[in-house]
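S.K.: can you look at this prediction? I've put the sequence above it.
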Amino acid sequence: MVRSNMKSRIAIPALAAAIVSVTGLMAGPAFAGNATSASSHTVEVAASRSATDVIKTLASEAIVGLTDQSLSNDTRRQNFVALMDRYFAMDVISRFVLGRYWRSISEEELSEFADLLQDYLALNYASQFKDFNGEQFVVGDEKQQNKDTFVNSQFVRPDGPPVSIVWRLREFGDEYKIIDVTVEGLSMGITQRDEFTAVIQQNGGEVSALTENLRAKVGK
């Protein structure tokens with residue numbers, strides 16, 4: 001359990017390094033406080049691009065929206081949510097982290113859960129991107145496995161061994177979206193599912209208990 005928690009804590013700083021290092025850019029102006037600007041200035045993204053290209057394009061948008069130290073916490077969280085909405089398949093992720101329990105709720109309830117999940121992740125992780133210290137991120141090859149594409153990468157730290165990061169993407173229509181990130185063999189999706197299903201099981205198998213839990217945490 002301790003090892004899993006350590007890997008989870010590594011994942012978000014590693015992702016921050018990935019976003020900066022892939023593009024080779026330094027922090028620039030903020031999103032001007034508008035969460036929707038993340039998607040408005042790159043409407044042509046993804047069509048006919050490879051999975052690796054999608055990771056790089058995510059990086060080019062996220063650099064100004066997450067790592068600029070002048071951003072307020074609220075703006076950083078809004079930008080985090082906007083990027084998740086654009087680049088992550090939140091419907092697929094939501095069903096996965098709910099395990100078998102997603103089948104017991106309506107589409108409307110699933111949609112509400114997906115929105116709360118985005119807010120929850122933003123609340124927990126968005127602020128960590130402001131602490132980027134310039135570590136190196138190296139993108140490797142991409143491999144197709146069944147209907148998914150896996151993009152291999154490494155997060156190289158000056159004070160420790162490199163961290164393996166694998167991005168799992170799936171093609172939806174004419175674009176790829178991220179459905180999981182694995183850090184040192186630990187799936188972030190599985191980690192979140194274990195946490196959430198424990199809450200559901202402790203409340204008689206009711207997803208509504210988890211939904212209320214998330215709503216309270218994000219203040220909705």
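M.R.: Thanks, I have the structure now.

S.K.: the helices in the chain, which residues?
M.R.: Along the chain, the stretches classed as helices by DSSP state H are 2-23, 37-40, 51-66, 73-87, 90-98, 107-125, 188-202, 207-218.

S.K.: what's the distance between the residue nearest the centre of the chain and Ala122?
M.R.: When Cα atoms, centre = their mean is applied to the chain, the residue found nearest the centroid is Met84 (5.9 Å). Relative to Ala122, Met84 is positioned 7 Å away (Cβ to Cβ, to the nearest Å). The C-beta positions use only the backbone N, C-alpha and C, and glycine is treated the same way.

S.K.: could you do Gly219 as well?
M.R.: With Cβ to Cβ as the criterion, Gly219 and Ala122 are 12 Å apart.

S.K.: more neighbours: which of the two?
M.R.: Ala122 (23 against 7; other Cβ atoms under 10 Å).

S.K.: right, and that one touches Asp85 too?
M.R.: No. Using Cβ atoms under 8 Å, Ala122 is not in contact with Asp85, being 10.5 Å away.

S.K.: Thr57 contacts Arg49, doesn't it?
M.R.: Yes. In terms of Cβ under 8 Å, Thr57 counts as a neighbour of Arg49; the distance is 7.0 Å.

S.K.: who has more neighbours out of those two?
M.R.: Neighbours were counted for Thr57 and for Arg49 using other Cβ under 10 Å; Thr57 has more, 20 against 16.

S.K.: now stretch 68-82: average pLDDT?
M.R.: Taken as a whole, stretch 68-82 has a mean pLDDT of 89.

S.K.: sorry, slip of the keys, the one I care about is stretch 172-184.
M.R.: Averaging pLDDT along stretch 172-184 gives 92.

S.K.: mind listing what's buried along it?
M.R.: 175-184 (16 or more other Cβ atoms under 10 Å).

S.K.: and these as a markdown table, adding distance to Thr191?
M.R.: As requested, the buried residues of stretch 172-184 are exported to a markdown table (distance: Cβ to Cβ, whole Å):
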| residue | distance to Thr191 |
| --- | --- |
| Glu175 | 26 |
| Tyr176 | 22 |
| Lys177 | 20 |
| Ile178 | 15 |
| Ile179 | 14 |
| Asp180 | 10 |
| Val181 | 10 |
| Thr182 | 10 |
| Val183 | 9 |
| Glu184 | 12 |
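
S.K.: which one of these sits closest to Thr75?
M.R.: Nearest to Thr75 out of the buried residues of stretch 172-184 is Ile178 (Cβ to Cβ; 22.5 Å).

S.K.: please name the nearest non-neighbouring residue to that closest one.
M.R.: Here the nearest residue to Ile178 in space, its sequence neighbours aside, is Phe88; by Cβ to Cβ, 6 or more residues apart in numbering that works out to 4.8 Å.

S.K.: for that neighbour, what are its contacts?
M.R.: Contact partners of Phe88, counting by Cβ atoms under 8 Å, 6 or more residues apart in numbering, are 177-179.
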